[in-house]
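Engineer: Need a 3D model of the sequence below.
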Amino acid sequence: MMLWRVLAWPLAAVGVVALALAAMLAQPVQSPPPLESIHAGAMAIPHEGKPEPSRFQARDGTWLAYRLYPAADGGHAQLAIVYHGSSASSDEMNATALALAKAGFVAVAVDTRGHGASGSRGDIGYVGQLEDDLADLVAHLRVDYAAARLTLVGHSSGGGFVLRAAAAPVGASFDRFVLLAPYLGYRAPTNRPSEGPGLWAAPDIPRIVALTILGRFGLDWAQSLPAIAFANRPEAAMATVSRYSYRLLIDYGPPQDWQGALKNAASKIELIAGLDDALMDAEAYQRAVAPLGPRVTLLPGVDHMGIVYKPSALDAIVEAARR
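Structural biologist: Residues are numbered from 1 along each chain as shown. Okay, the predicted model is just below:
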């Protein structure tokens with residue numbers, strides 16, 4: 001009887017915690033209303049000159065998609081791998097890839113796993129799989145471009161992922177990193193308030209907290225649950241991904257120590273943002289990122305989506321990739 005009394009309170013506490021975590025996991029993801037500025041920007045991206053998808057096999061056996069843009073001059077000396085923003089696909093980066101190809105780069109626009117024609121939409125197998133996929137893509141491309149100088153370009157969440165890759169072992173493969181209006185994490189001072197014209201994503205905070213706690217105990221069985229929803233129009237469902245699982249949300253973005261990652265790779269990093277960006281505070285990049293060492297370029301008349309297709313932005317991207 002005495003032993004039972006000693007164990008009763010700890011067992012009760014465990015039960016309460018378990019119930020609380022279960023309740024947090026059960027919290028449904030709520031989709032925000034469509035964000036017209038993002039939709040209009042996506043519709044303005046030209047699709048002329050877009051090649052058909054190619055594919056490579058990742059280490060888990062999954063075939064992943066990308067679009068290959070040969071260099072206009074036929075050269076093989078420079079290769080740029082380009083990552084799209086959250087919810088999108090390689091279609092978003094068509095103008096960027098074409099501009100790089102015209103400038104003499106072989107450009108590769110990726111359908112990141114969980115997007116477009118790559119894998120299961122809105123999910124990946126584990127945190128860190130996207131870095132593995134990038135390493136596998138580099139190995140695949142090296143067969144034909146063995147001596148090419150490599151540049152990695154990413155927009156928004158894809159820019160955050162480029163920074164994550166720069167801080168990972170695969171980052172050693174690259175000579176240059178170009179971040180386009182990058183998402184640097186929910187605590188970063190570069191985010192505008194997530195409301196009104198800037199409400200692009202609605203994270204399920206209770207579920208994210210619960211999954212983070214479980215992950216610290218090595219329990220990852222629920223990380224396939226949706227954890228964030230994006231403000232896409234319903235009619236865009238065929239072309240976009242409106243929800244991410246927890247593990248995709250964590251992996252397709254910046255490392256936790258984004259400041260350390262920027263500082264450690266500062267000589268290789270350039271950041272470009274538009275002063276009309278409604279999601280990111282462009283001037284905050286100058287205050288928060290430039291002191292860490294990377295070159296920061298701010299463009300007037302360019303918004304969050306315009307950074308991947310406006311002529312002034314394309315010129316800046318090419319110039320940054322060439323340096």
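Engineer: could you give me the average pLDDT of stretch 310-323?
Structural biologist: Average pLDDT, stretch 310-323: 97.
Engineer: same question but for stretch 172-189, I mixed them up
Structural biologist: Stretch 172-189 comes out at a mean pLDDT of 96.
Engineer: now could you export just the CA positions of it as CSV?
Structural biologist: Output of stretch 172-189 as CSV, limited to C-alpha atoms (Å, rounded to 0.1, in the frame of the first residue of the first chain):
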residue,chain,number,x,y,z
ALA,A,172,30.8,22.3,-48.7
SER,A,173,29.8,21.4,-52.3
PHE,A,174,28.8,25.0,-53.1
ASP,A,175,30.8,28.1,-53.9
ARG,A,176,28.0,30.5,-53.6
PHE,A,177,24.6,30.9,-51.8
VAL,A,178,22.0,33.4,-52.9
LEU,A,179,19.0,34.0,-50.6
LEU,A,180,15.9,35.7,-52.0
ALA,A,181,13.7,37.3,-49.3
PRO,A,182,14.6,34.4,-47.1
TYR,A,183,12.4,33.2,-44.2
LEU,A,184,14.8,33.1,-41.3
GLY,A,185,12.6,31.6,-38.6
TYR,A,186,9.5,32.7,-36.6
ARG,A,187,11.6,34.6,-34.1
ALA,A,188,13.7,36.5,-36.8
PRO,A,189,13.2,40.3,-36.8
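Engineer: Could I get the full set of helices for the stretch 201-323 of the chain?
Structural biologist: Counting by DSSP state H, counting those that start in this stretch, one finds helices in the stretch 201-323 of the chain at the ranges 205-216, 246-251, 258-264, 282-288, 311-322.
Engineer: Among those, pick out the one with the most neighbours on average.
Structural biologist: Burial of the helices of the stretch 201-323 of the chain is given as mean neighbour count (mean count of other C-beta atoms under 10 Å); helix 246-251 ranks first at a mean of 25. Any C-beta I mention is one placed from the backbone N, CA and C, and that applies to glycine too.
Engineer: what about the strands in the stretch 51-200 of the chain?
Structural biologist: Here the stretch 51-200 of the chain has its strands, by DSSP state E, counting those that start in this stretch, at 54-57, 63-69, 78-83, 106-110, 149-155, 176-180.
Engineer: partner strands of the fifth one, parallel or antiparallel?
Structural biologist: Pairing partners of strand 149-155, with direction, according to DSSP bridges: strand 78-83 (parallel), strand 176-180 (parallel).
Engineer: From the rest of the structure, what touches the first one?
Structural biologist: Applying C-beta atoms under 8 Å, 6 or more residues apart in numbering, the set of residues contacting strand 78-83 from outside is 71, 90, 93, 96-97, 100, 104-110, 112, 134, 137-138, 141, 145, 148-155, 158-159, 161-162, 321.
Engineer: Buried members of the residues you listed into PyMOL, please.
Structural biologist: Per 16 or more other C-beta atoms under 10 Å, the buried members of the contacts of strand 78-83 correspond to this PyMOL selection:
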select buried, resi 71+90+93+96+97+100+104+105+106+107+108+109+110+112+134+137+138+141+145+148+150+151+152+153+154+155+158+159+161+162+321
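Engineer: one step back: could you dump the helices of the stretch 201-323 of the chain to JSON lines with distance to Gly61?
Structural biologist: Converted to JSON lines, these look like this (distance: least, C-beta to C-beta, whole Å):
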{"stretch": "helix 205-216", "distance to Gly61": "25"}
{"stretch": "helix 246-251", "distance to Gly61": "18"}
{"stretch": "helix 258-264", "distance to Gly61": "30"}
{"stretch": "helix 282-288", "distance to Gly61": "39"}
{"stretch": "helix 311-322", "distance to Gly61": "32"}
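Engineer: closest one to Gln57 among the ones you listed?
Structural biologist: helix 246-251 (19.7 Å; C-beta to C-beta).
Engineer: ok, so what distance separates the nearest residue to Ala227 once chain neighbours are set aside from Arg323?
Structural biologist: With C-beta to C-beta, 6 or more residues apart in numbering as the criterion, Ala227 has its nearest non-adjacent residue at 4.1 Å, and that residue is Tyr246. The gap separating Tyr246 from Arg323 is 37 Å, by C-beta to C-beta, to the nearest Å.
Engineer: No more questions from me, cheers.
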